[in-house]
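Asks: below are the sequence and a predicted model for it; my questions follow.
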Amino acid sequence: MLHEWAMASQVEILVREEDIPVREEVKTFCAILGLEPYHLPSQGRAIIALPEPEVDRALTILKKFPLTSETKIIGVVKKKTLQPRVLIETVLRTTRIMDTLVGEMLPRIC
């Protein structure tokens, strides 16, 4: 989804890996299989993009409800660019391009 937003808006988006909510069992599963957790279907998660002046108000509202109480900011839109992309700041404080999925997405198991 972030890639589509970056392309449509011609912007660079920076997300912080440590702020992306990924359960430990998912991290372990991905490490064993050599997968990126960001390429897996993530049911029960949502990404909301807001103008900066609206962020605090939205967080206050969302944190009032049990299902959205762990809401957090995971990144920012950095700048307009001729090369739209999504960057990820790793837990080691290095920055790399967050690649798009190559091949088929794993099926959802519902």
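Replies: Arrived safely, thanks for sending.
Asks: tell me the secondary structure at residue 76.
Replies: Reducing the assignment at residue 76 to three states with DSSP: H, G, I helix; E, B strand; the rest coil gives strand.
Asks: what about it, how many residues nearby?
Replies: Neighbours of residue 76 under the rule other C-beta atoms under 10 Å: 14. Glycine gets a C-beta too; all of them are placed from N, C-alpha and C.
Asks: which pLDDT value goes with it?
Replies: Looking at residue 76, its pLDDT is 95.
Asks: just residue 41 next, same as before
Replies: Each residue has a pLDDT score; the one for residue 41 is 75.
Asks: and it, what are its phi and psi?
Replies: Torsion angles at residue 41 (phi, psi; degrees, to the nearest 10) stand at phi -60, psi 140.
Asks: shift numbering so it begins at 120
Replies: Fine by me, first position is 120 from now on; the one you just mentioned is residue 160.
Asks: how close does it sit to residue 176?
Replies: Look at residue 160 and residue 176: by C-beta to C-beta, to the nearest Å, they are 30 Å apart.
Asks: what does residue 218 give?
Replies: Residue 218 sits 33 Å away from residue 176 when distances are taken as C-beta to C-beta.
Asks: swap in residue 200?
Replies: Per C-beta to C-beta, residue 200 is found 28 Å from residue 176.
Asks: likewise residue 185?
Replies: Here the distance between residue 185 and residue 176 works out to 19 Å (C-beta to C-beta).
Asks: residue 218 and residue 176: which has the busier surroundings?
Replies: residue 218 (13 against 10).
Asks: wasn't residue 134 part of a helix?
Replies: No - using three-state DSSP, the assignment for residue 134 is strand, not a helix.
Asks: nearest residue to it other than its sequence neighbours?
Replies: Ranked by C-beta to C-beta, 6 or more residues apart in numbering and with sequence neighbours excluded, the top spatial neighbour of residue 134 is residue 194, at 3.4 Å.
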